[in-house]
Every structure is written in C-alpha cells, then in structure tokens.
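Chemist: okay, sequence plus prediction incoming.
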Amino acid sequence: MTSPTTVVLENDHARFLTVLERLQEEASSKFVFLMDKNGQRIASSGKLETTDPTALASLTAGNVAATEGLAQLIGETEFSTLFHEGRKDSLHISLISDKVILLVIFDEHSSLGLVRLRVKQRSAELEAIVQDMMSRTKVTSASAPASATALAEITDEDIDALFG
C-alpha cells in the first residue's frame, strides 16, 4: 500500500469491511480502523464520537513509523503489535502483511486479551485480501509501460476531436 499503484477496489473494500465489522463485534471494541502505512484510510467499522479520523490515521501511521525506528535501533526488524492503555480507552495497533495498519479502539467493555485473540483470528483474512491486492498490483505494474506508451501517443488534436 505504500506503492502509489495499489488500488483498493470496491470489492476489496467490501471484503475488508466484512472482516472489520466481525472483528469489532467479536472483540467488543468501539472502533476498528484499517489504513495504509501512509495514514490513508482504507476501511473502518464503528463510530468515533469526537475524534477526527484523518488525524487519527496520520498519528497512528506516525506512531508505527517511529516504532519501526526504535526497533531498528535495538536490532529488531519490527514491532508488529503496539498497545496503548488509557484511563477510559485503549489502542491496539498491528501491522498486517507489513502493508497496512489495523487499529482497534476498545474500552472497559473488552480486554486486551480478547482484542489480541480476535485480531489474531482475523489477521489471516485481512492478509489474504492484502495479498490479492498486491498480486493484482504486480500484474498491473508489469503492463504499465505499455499503457503509459499508449497515453504518450495521444496528441492535442486527438483530445480536441474527442471533446470538440
């Protein structure tokens, strides 16, 4: 998802949403958010009362990037799971296929153990969707030079004729 050629199709979004809704229910969480490593929202389930989802996604992606730096400093390749505990709400953040970030927000109606269990159970489904997207991107990337050449051959006269 860090590649600009990766596209989330409507079918991908529907598949993600199905998994996120199930995860939110099974983990008794308030909100489940899937984003790419750049902080771009992919899909979510639940409601955020007063939180800006764009800011949440950006800060979560920044948190993951900072943690990757910390991991490298101590000789680890990554920390694939992060947990932040607050007085009312807690955050569980995990990397899926090293491409997307899954954020689960939960409160006293759930527990870290339950969230971790449910995230682990649903991660394989999310990974399969990401892998499908990545394999489609590789096929598209392999054919991109030909399509780029075709676009380069379009002249101003062709555009004028089309819209004229």
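Modeler: Happy to help now that I have it. A quick note: this is a predicted structure, and the numbers were derived from the prediction, not measured.

Chemist: low-confidence bits of this protein, can you list those?
Modeler: Where the chain drops to pLDDT under 70, the residues are 1-6, 137-153, 158, 164.

Chemist: and the strands in it?
Modeler: Applying DSSP state E to the chain gives strands spanning 31-36, 41-46, 81-85, 90-96, 100-106.

Chemist: reformat the ones you listed as TSV; add distance to residue 14 and mean neighbour count.
Modeler: For glycine as for every other residue, the C-beta is placed from the backbone atoms N, C-alpha and C. Rendered in TSV, the data for those read as follows (distance: least, Cβ to Cβ, whole Å; neighbours: other Cβ atoms under 10 Å):
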stretch	distance to residue 14	mean neighbour count
strand 31-36	13	24
strand 41-46	9	20
strand 81-85	26	13
strand 90-96	17	21
strand 100-106	16	24
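
Chemist: export those strands to JSON lines and tack on distance to residue 163?
Modeler: Written out in JSON lines, the entries for the strands of the chain read as follows (distance: least, Cβ to Cβ, whole Å):
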{"stretch": "strand 31-36", "distance to residue 163": "34"}
{"stretch": "strand 41-46", "distance to residue 163": "34"}
{"stretch": "strand 81-85", "distance to residue 163": "50"}
{"stretch": "strand 90-96", "distance to residue 163": "43"}
{"stretch": "strand 100-106", "distance to residue 163": "39"}
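
Chemist: need the residue closest to the centroid of the chain.
Modeler: When Cα atoms, centre = their mean is applied to the chain, the residue found nearest the centroid is residue 35 (2.8 Å).

Chemist: and the residue nearest to that residue when sequence neighbours are not counted, how many neighbours?
Modeler: If the residues on either side of it in the chain are set aside, residue 35 comes closest to residue 57, at 4.6 Å by Cβ to Cβ, 6 or more residues apart in numbering. Residue 57 is surrounded by 22 other residues when neighbours are defined as other Cβ atoms under 10 Å.

Chemist: that concludes my questions; thank you for your assistance.
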